[in-house]
Every structure is written in C-alpha cells, then in structure tokens.
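>>> All I have is the shape, not the residue letters:
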C-alpha cells in the first residue's frame with residue numbers, strides 16, 4: 001500500500017505494517033519472492049521480520065492484558 005498520501009504521523013505506522021511482511025513471507029514460501037507491487041516498500045528478510053513483528057505484538061498486548069486482568073481481579 002503506498003504511503004505517500006498518508007499524513008506524517010501515519011506514514012511510519014503504515015511502513016511498519018506487520019501484515020505486509022507476513023504477505024511477503026508467504027510469497028517467499030510459495031516460491032514467488034519477486035512478486036510485489038512496485039510502489040510498496042519491500043522487506044529485506046520478510047520471514048524474519050514477520051516473526052519478530054508478530055512476537056513483539058504478542059508480547060506487548062499479552063503484558064497489557066495481564067496487567068488489566070490483575071487490576072480487575074483485586
């Protein structure tokens with residue numbers, strides 16, 4: 001997805017989109033690594049980036065959920 005028409009605050013968020021890395025990782029696994037629209041910023045190591053970004057999201061939101069649960073249980 002092109003990020004040129006986004007505001008300056010949304011551009012980094014759109015550029016760090018974890019779904020884009022996951023889609024590119026799927027393309028690598030399916031044997032078509034070069035297939036991507038020309039206006040999309042590609043990830044150098046999509047499989048690694050997809051795993052790291054997914055784990056980061058999981059750790060952050062797990063921590064927030066546990067913290068909220070502990071506050072509610074007291």
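Right, received. Where do you want to start? Keep in mind it's a predicted model, so treat the numbers as computed, not measured. Numbering: from 1, shown residues only.
>>> Now do residue 58 against residue 52, distance only.
11 Å (C-beta to C-beta, to the nearest Å). For the C-beta atoms, the positions are set from N, CA and C on the backbone; glycine is no exception.
>>> Looking at those two, which is more packed in?
With neighbours defined as other C-beta atoms under 10 Å, residue 58 and residue 52 compare such that residue 52 has more, 13 against 10.
>>> The longest helix seen in the chain - contacts with which helices or strands?
Secondary structure of the chain per DSSP state H: the longest helix is helix 46-73. Here helix 46-73 touches helix 18-29, going by 3 or more C-beta pairs under 8 Å, 6 or more residues apart in numbering; DSSP states H and E.
>>> in the helix it packs on, what counts as buried?
Neighbour-count burial for helix 18-29, counted by 16 or more other C-beta atoms under 10 Å, picks out 20, 21, 22, 24, 25.
>>> cool, stretch 44-59 as well?
Result for stretch 44-59 [16+ other C-beta under 10 Å]: buried residues 46, 49, 50, 53.
>>> and the residues you listed as a markdown table, adding distance to residue 71 and pLDDT?
Listed next are the buried residues of stretch 44-59 as a markdown table, based on distance: C-beta to C-beta, whole Å; pLDDT from 0 to 100:
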| residue | distance to residue 71 | pLDDT |
| --- | --- | --- |
| 46 | 38 | 74 |
| 49 | 33 | 79 |
| 50 | 32 | 80 |
| 53 | 28 | 82 |
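>>> okay, the residues you listed in TSV with distance to residue 65 next?
Listed next are these as TSV, based on distance: C-beta to C-beta, whole Å:
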residue	distance to residue 65
46	28
49	24
50	22
53	18
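>>> what's the farthest-apart pair in the residues you listed?
Spatially, the most separated pair among these is 46 and 53, at 10.2 Å (C-beta to C-beta).
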